[in-house]
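Visitor: from the sequence below, what's the structure:
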Amino acid sequence: QLLESGGGLVQPGGSLRLSCAASGITLEHYNIGWFRQAPGKEREGISCISRAGTSTLYADSVKGRFTISRDDAKNTMYLQMNGLKPEDTAVYYCAVDNLVAPMTSCQPYEYDYWGRGTQVTVPS
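Guide: This next block holds a predicted model:
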(Lines give C-alpha, C1' and ligand atoms only; values in the text may rest on other atoms or scores of the structure.)
Protein backbone atom coordinates (compact mmCIF):
# COMPACT_ATOMS: atom_id res chain seq x y z
CA GLN A 1 0.00 0.00 0.00
CA LEU A 2 1.16 3.50 -0.85
CA LEU A 3 -0.22 6.48 1.02
CA GLU A 4 0.36 10.03 -0.14
CA SER A 5 0.15 13.06 2.13
CA GLY A 6 1.10 16.71 2.13
CA GLY A 7 -1.19 18.09 -0.54
CA GLY A 8 -3.31 21.18 -0.07
CA LEU A 9 -4.08 24.70 -1.21
CA VAL A 10 -1.07 26.94 -1.73
CA GLN A 11 -0.67 30.37 -3.29
CA PRO A 12 1.38 30.82 -6.48
CA GLY A 13 5.06 30.82 -5.69
CA GLY A 14 4.55 28.75 -2.57
CA SER A 15 5.91 25.35 -1.62
CA LEU A 16 4.62 21.97 -0.57
CA ARG A 17 6.32 18.72 0.34
CA LEU A 18 4.53 15.53 -0.59
CA SER A 19 5.26 12.28 1.16
CA CYS A 20 4.47 8.72 0.12
CA ALA A 21 4.69 6.08 2.82
CA ALA A 22 4.82 2.46 1.73
CA SER A 23 3.62 -0.60 3.60
CA GLY A 24 3.72 -4.18 2.43
CA ILE A 25 6.35 -3.34 -0.15
CA THR A 26 10.03 -2.52 0.32
CA LEU A 27 10.77 0.56 -1.76
CA GLU A 28 14.54 0.11 -1.84
CA HIS A 29 14.22 -2.66 -4.41
CA TYR A 30 12.39 -0.55 -6.98
CA ASN A 31 12.33 2.51 -9.14
CA ILE A 32 9.66 4.87 -7.82
CA GLY A 33 8.03 8.04 -9.00
CA TRP A 34 5.53 10.84 -8.76
CA PHE A 35 2.78 11.43 -11.27
CA ARG A 36 -0.09 13.86 -11.57
CA GLN A 37 -3.40 14.14 -13.30
CA ALA A 38 -5.23 17.37 -13.88
CA PRO A 39 -8.94 17.49 -14.74
CA GLY A 40 -9.53 16.49 -18.34
CA LYS A 41 -5.91 15.53 -18.88
CA GLU A 42 -3.98 12.30 -18.99
CA ARG A 43 -1.84 11.19 -16.10
CA GLU A 44 1.75 12.33 -16.57
CA GLY A 45 5.05 11.41 -15.03
CA ILE A 46 6.68 14.37 -13.33
CA SER A 47 9.61 12.82 -11.52
CA CYS A 48 11.09 9.39 -10.98
CA ILE A 49 14.07 8.11 -9.03
CA SER A 50 15.96 4.89 -9.48
CA ARG A 51 16.86 2.30 -6.89
CA ALA A 52 19.50 3.66 -4.54
CA GLY A 53 18.72 7.14 -5.84
CA THR A 54 21.49 7.07 -8.41
CA SER A 55 19.38 8.54 -11.19
CA THR A 56 16.49 10.99 -11.38
CA LEU A 57 14.18 12.11 -14.16
CA TYR A 58 12.04 15.23 -14.30
CA ALA A 59 9.41 16.50 -16.66
CA ASP A 60 10.45 19.74 -18.33
CA SER A 61 7.50 21.49 -16.72
CA VAL A 62 8.85 20.93 -13.20
CA LYS A 63 12.60 20.85 -13.75
CA GLY A 64 14.37 23.23 -11.41
CA ARG A 65 11.31 23.60 -9.17
CA PHE A 66 10.58 20.08 -7.92
CA THR A 67 12.95 17.65 -6.22
CA ILE A 68 12.32 13.96 -5.72
CA SER A 69 13.98 12.00 -2.95
CA ARG A 70 13.73 8.70 -1.19
CA ASP A 71 14.45 7.49 2.33
CA ASP A 72 14.59 3.73 2.10
CA ALA A 73 15.17 3.41 5.83
CA LYS A 74 11.75 4.98 6.34
CA ASN A 75 10.27 3.25 3.29
CA THR A 76 9.10 6.66 2.11
CA MET A 77 9.53 8.89 -0.91
CA TYR A 78 9.15 12.64 -1.14
CA LEU A 79 8.48 15.39 -3.63
CA GLN A 80 9.57 18.89 -2.68
CA MET A 81 7.66 21.37 -4.79
CA ASN A 82 8.79 24.99 -4.92
CA GLY A 83 7.64 27.89 -7.05
CA LEU A 84 4.20 26.37 -7.50
CA LYS A 85 2.09 27.62 -10.38
CA PRO A 86 -1.64 27.34 -11.15
CA GLU A 87 -0.80 24.80 -13.87
CA ASP A 88 0.58 22.50 -11.16
CA THR A 89 -2.95 22.00 -9.87
CA ALA A 90 -3.68 18.27 -10.04
CA VAL A 91 -4.04 15.08 -8.07
CA TYR A 92 -0.57 13.78 -7.33
CA TYR A 93 0.15 10.08 -7.13
CA CYS A 94 3.16 8.06 -6.08
CA ALA A 95 3.88 4.76 -7.74
CA VAL A 96 6.28 1.84 -7.80
CA ASP A 97 7.70 0.00 -10.79
CA ASN A 98 7.85 -3.61 -9.63
CA LEU A 99 10.13 -4.66 -12.48
CA VAL A 100 13.65 -4.73 -11.10
CA ALA A 101 15.50 -3.10 -13.96
CA PRO A 102 17.39 0.10 -14.75
CA MET A 103 15.16 3.15 -14.91
CA THR A 104 14.82 4.40 -18.47
CA SER A 105 11.79 6.67 -18.36
CA CYS A 106 9.06 8.01 -16.13
CA GLN A 107 5.93 6.89 -17.91
CA PRO A 108 2.76 5.88 -16.03
CA TYR A 109 2.33 2.64 -17.97
CA GLU A 110 5.59 1.34 -16.53
CA TYR A 111 4.41 1.63 -12.94
CA ASP A 112 2.41 -1.06 -11.20
CA TYR A 113 1.52 -0.05 -7.65
CA TRP A 114 -0.24 3.24 -7.05
CA GLY A 115 -1.38 5.34 -4.18
CA ARG A 116 -4.80 6.98 -4.08
CA GLY A 117 -3.46 10.45 -4.65
CA THR A 118 -3.37 13.79 -2.88
CA GLN A 119 -4.85 17.01 -4.24
CA VAL A 120 -2.63 20.01 -4.88
CA THR A 121 -4.39 23.26 -5.73
CA VAL A 122 -2.68 26.47 -6.77
CA PRO A 123 -5.26 29.18 -7.52
CA SER A 124 -4.75 31.61 -10.36
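Visitor: so Ile46 sits in a strand?
Guide: Yes: residue state for Ile46 (DSSP: H, G, I helix; E, B strand; the rest coil) corresponds to a strand.
Visitor: mind listing what it touches?
Guide: 33-36, 58-59, 61-62, 66, 79, 92, 106 (Cβ atoms under 8 Å, 6 or more residues apart in numbering). (Each C-beta comes from the backbone N, C-alpha and C, glycine too.)
Visitor: tell me the pLDDT at it?
Guide: Note on Ile46: pLDDT of 97.
Visitor: all strands of the chain, in order?
Guide: Along the chain, the segments classed as strands by DSSP state E run 2-5, 8-9, 16-22, 31-37, 44-49, 56-58, 66-71, 76-81, 90-97, 113-114, 118-121.
Visitor: point out the most buried one among those strands.
Guide: Highest mean neighbour count of those: strand 31-37, a mean of 25 (counted as mean count of other Cβ atoms under 10 Å).
Visitor: quick check, central residue of this structure?
Guide: Trp34 (1.8 Å; Cα atoms, centre = their mean).
Visitor: could you give the bridge partners of that one?
Guide: Under DSSP bridges, the beta-bridge partners of Trp34 are Ser47, Cys94.
Visitor: same thing with Ala21?
Guide: Leu3, Thr76.
Visitor: close enough to count as contact, it and Leu27?
Guide: No: taking contacts as Cβ atoms under 8 Å, Ala21 lies outside contact range of Leu27: 9.5 Å.
Visitor: need the overlap of contacts for these two.
Guide: Contacts common to Ala21 and Leu27, judged by Cβ under 8 Å, 6+ apart, are 75-76.
Visitor: how far away is Lys85 from Thr67?
Guide: 16 Å (Cβ to Cβ, to the nearest Å).
Visitor: swap that for Ala22, please
Guide: Where Thr67 is concerned, Ala22 sits at a distance of 19 Å (Cβ to Cβ).
Visitor: one more: Ala59?
Guide: 13 Å.
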